[in-house]
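Novice: Fold the following.
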Amino acid sequence: MDEHQEAQTLEQMLQEIDELVTRMESGNLSLSEHLSLFEKGVGLIKNCEQSLKEAEGRIKILTDAQGLRDGIRTGDEVLSNFNPGGISEDKSRR
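Specialist: The predicted structure follows:
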């Protein structure tokens, strides 16, 4: 990821991808130019995916923290107590 892409927001990256697609669909580019724009687009998509993963992680942290404050068990807590043998050993209720 170059410095230009690091400074961009998700919305800016999506806008740039849209502009790349429009330029590529124009039909006025050489094969070399198409490949260059395609490569740039792939990089932007990877950066968008990373940005979304980071946002998802922050949301999970916030919702898990809120659930703990409210006394609600989180999905991770439920899964960590899951017993596939069918007998539940819920340690929080002992």
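Novice: With just CA atoms, put stretch 41-53 into PDB.
Specialist: Below are the C-alpha coordinates for stretch 41-53, written out as PDB (Å, rounded to 0.1, in the frame of the first residue of the first chain):
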ATOM      1  CA  GLY A  41      -7.900  -1.300  -8.900                       C
ATOM      2  CA  VAL A  42      -6.900  -4.600  -7.400                       C
ATOM      3  CA  GLY A  43      -4.700  -2.800  -4.900                       C
ATOM      4  CA  LEU A  44      -7.500  -0.400  -4.000                       C
ATOM      5  CA  ILE A  45      -9.900  -3.300  -3.500                       C
ATOM      6  CA  LYS A  46      -7.500  -5.000  -1.100                       C
ATOM      7  CA  ASN A  47      -7.100  -1.800   0.800                       C
ATOM      8  CA  CYS A  48     -10.900  -1.500   1.000                       C
ATOM      9  CA  GLU A  49     -11.200  -5.100   2.400                       C
ATOM     10  CA  GLN A  50      -8.600  -4.300   5.000                       C
ATOM     11  CA  SER A  51     -10.400  -1.100   6.000                       C
ATOM     12  CA  LEU A  52     -13.700  -3.100   6.300                       C
ATOM     13  CA  LYS A  53     -12.000  -5.800   8.400                       C
END
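Novice: Which SSE is immediately downstream of the worst-scoring helix or strand of the chain on mean pLDDT?
Specialist: Every helix and strand in the chain was compared by mean pLDDT, DSSP states H and E; the lowest is helix 3-7, with a mean of 52. With elements assigned by DSSP states H and E, the helix or strand that comes after helix 3-7 is helix 10-25.
Novice: what residues does that following helix touch?
Specialist: With Cβ atoms under 8 Å, 6 or more residues apart in numbering as the test, helix 10-25 has contacts from 5, 8, 29, 34, 37-38, 40-41, 44-45, 47-48, 51-52, 55. (Glycine included, C-beta is placed from N, CA and C.)
Novice: buried set for it?
Specialist: Neighbour-count burial for helix 10-25, counted by 16 or more other Cβ atoms under 10 Å, picks out 13, 16-17, 20.
Novice: That concludes my questions; thank you for your assistance.
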